[in-house]
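Asker: Quick one: sequence plus predicted model below, questions after.
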Amino acid sequence: MTAQRRARIVATLGPASSTRECIAALLDAGVNVFRLNFSHGTHEDHAARLHIIRELEHERGRPIGIIQDLQGPKLRVGRLEDGKVTLEHGQPFRLDLDPAIGNARRANLPHPEIFASLEHGADLLLDDGKLRLRVETFGPDFAETTVMVGGPLSDRKGVNVPGVLLPISPLTAKDRADLDFGLSLGVDWIALSFVQRPEDIDEARAIIGDRANVKIMAKLEKPAAIEHLDAIIERADGIMVARGDLGVEVPPQKVPVLQQRIVRAARAAGRPVVVATQMLESMITSPVPTRAEASDVANAVYSGADAVMLSAESASGQYPVEAVTIMASIIREVEQDPAWRAGLDATHAAAQPTTPDAICCALRRVVGLLEPAVTVAYTASGFSALRASRERPTAPILALTPDPTIARQLALAWGVHPLAFQAQLTDVSQMIDEAVAHALRAGLAGVDDKVVVIAGLPFGCSGSTNLLHVATAGNEHLRDRSSTSDPGKHKKTARANTASETDPRLATA
């Protein structure tokens, strides 16, 4: 474990990064969480990558999160003559449900829900916004449009309908099959594409049911989602700023503003937030990023985002390890800047009037005054660690949880070093001793360092954070604690030995 970085790195795996050697190198370079993009690749491909990740996790004793990113509905035109046509500015162009091969005057659009949602004068964007059509007239099975921005149009290019709430589920038949497969593999996060309403989160959660302890991350890529931002953040467990698709449907000058708004709202709610898409895009083919890309990563870190993400850079690019290495170095550089901390403090949101938030507010103040080496958060569900992370304390957060899945999910959270442990806690003094000993063994604290501990009583009760304790690490915490077997030998002191046997390394499933 290292306390050098607070912001986390998510890397997408793909053809360029599927070998054991490459995945191990990505971990060494600084990856905390891996993304499996189910828009590409087979189930067998993703299963093989996940198996390698779990093997490396076990070897290194470090929890590694895995995000399954579902494709979501893809709205596309049908096939065209010779595979490509050219649309000229000002010409009429018809879209309809007729499955016949299209030409320069019409094309198949096999999505009746689009026609049902159109309005006169609405824009339709084709091929990631490269072409723009204006709707003149429409019916339940057609739309007559005028080409406002022309150019070449190929088979199966995507269609976007900006500013329109489409009556489409975010989960297609493919997504449901992929989701079932991901749950059987044991992924930690589900990234839900095409989220438009808070009810989309409810639909996904109902499908998952009690089959798995998995978190849902809402990908915000539709302008309609921004209109329901607070409600979506409330329903989701995490947020992804998916700037690629979002940038197609809103003007480019609005994307940075929306990014900042989403990050602030997610931080205020205590939800992990990931900034994604084209962060180091030039490194797909270049060993170094542009200065603008370095600034883009830095700005996400300055804003307090939990994580920054690599997509094609690590999945199909020529320099996946170099991209992670540079991203990690940018994060470290920013986090050494006093202005970074000042910015986090200036954008810190008010807490809720609850006992857990009161404890975590006190934690932030205590850490600022006493400057301890580390904060230790006991957490059964991840709640305590996430509320502590929300406060953005100056000391790293060691999250101790009995659940390896929770540890993996917390690998995404800002400043959190998760660890699965197996001790049976019986009293407060044992809990303090365990916390200090784990902080020492993880290298996050040294002898005579202060350690701040937060937890909930009774033990194991989710959302019950109600205790804050300041301890001092002592030499006795470095001893082999397995030699003590009598729980009655505990002293009521922060320097007492523990009677339980624990493995500070991750217990993997």
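Answerer: Yep, it's here. Fair warning: this is a prediction, and the values are worked out from it, not measured in the lab. Residues are numbered from 1 along each chain as shown.
Asker: switch to C-alpha atoms for all contacts and neighbour counts from now on
Answerer: OK.
Asker: List the buried residues of stretch 246-258.
Answerer: 246-250, 255, 258 (16 or more other Cα atoms under 10 Å).
Asker: Which helix or strand in the protein has the lowest average pLDDT?
Answerer: Here the helix or strand of the chain ranked lowest by mean pLDDT, DSSP states H and E is helix 243-249, holding a mean of 89.
Asker: Run through the neighbouring helices and strands of that one.
Answerer: If you count contacts as 3 or more Cα pairs under 8 Å, 6 or more residues apart in numbering; DSSP states H and E, helix 243-249 packs onto helix 255-269.
Asker: average pLDDT for the helix or strand following the helix it packs on?
Answerer: Once the chain leaves helix 255-269, the next helix or strand it forms, by DSSP states H and E, is strand 273-276. The predicted model assigns strand 273-276 a mean pLDDT of 98.
Asker: quick one: contacts of the helix or strand just after strand 273-276?
Answerer: As assigned by DSSP H and E, the chain's next helix or strand after strand 273-276 is helix 291-302. Residues outside helix 291-302 that contact it (Cα atoms under 8 Å, 6 or more residues apart in numbering) are 7, 275, 279-281, 307-308, 327, 330-331, 334-335, 340, 343-344.
Asker: ChimeraX command for the buried members of those?
Answerer: Here is the ChimeraX selection string for the buried members of the contacts of helix 291-302, based on 16+ other Cα under 10 Å:
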select :7,275,279,280,281,307,308,327,330,331,334,335,340,344
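Asker: from the contacts of helix 291-302, which is closest to Val288?
Answerer: Distance to Val288 across these (Cα to Cα) is lowest for Leu280, with 8.7 Å.
Asker: Can you give me the pLDDT of the residue lying closest to that closest one once chain neighbours are set aside?
Answerer: Among residues not flanking Leu280 along the chain, Glu293 sits closest, at 5.4 Å (Cα to Cα, 6 or more residues apart in numbering). At Glu293, the pLDDT value in this model is 98.
Asker: Tell me the spacing between Glu293 and Pro223.
Answerer: Counting by Cα to Cα, to the nearest Å, the separation of Glu293 from Pro223 is 24 Å.
Asker: Tell me which of these two has more neighbours.
Answerer: Remark: of Glu293 and Pro223, Pro223 carries more neighbours, 23 against 18, as counted by other Cα atoms under 10 Å.
Asker: list the contacts for the more buried one?
Answerer: 162-163, 196, 246, 249-250.
Asker: Redo the residues you listed as TSV? Include distance to Ala373.
Answerer: TSV is the format used below for the contacts of Pro223 (distance: Cα to Cα, whole Å):
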residue	distance to Ala373
Pro162	49
Gly163	49
Gln196	42
Leu246	40
Glu249	45
Val250	44
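Asker: For Ala420, state which of these is nearest.
Answerer: Looking across the contacts of Pro223 and measuring by Cα to Cα, the closest to Ala420 is Gln196, at 35.3 Å.
Asker: need the contact list for the residue nearest to the closest one when sequence neighbours are not counted.
Answerer: Take Gln196 and drop its neighbours on the chain: the residue closest to it by Cα to Cα, 6+ apart is Ala225, 4.3 Å away. Each residue near Ala225 by Cα under 8 Å, 6+ apart is listed here: 195-197, 232.
Asker: Sweet, I'm off.
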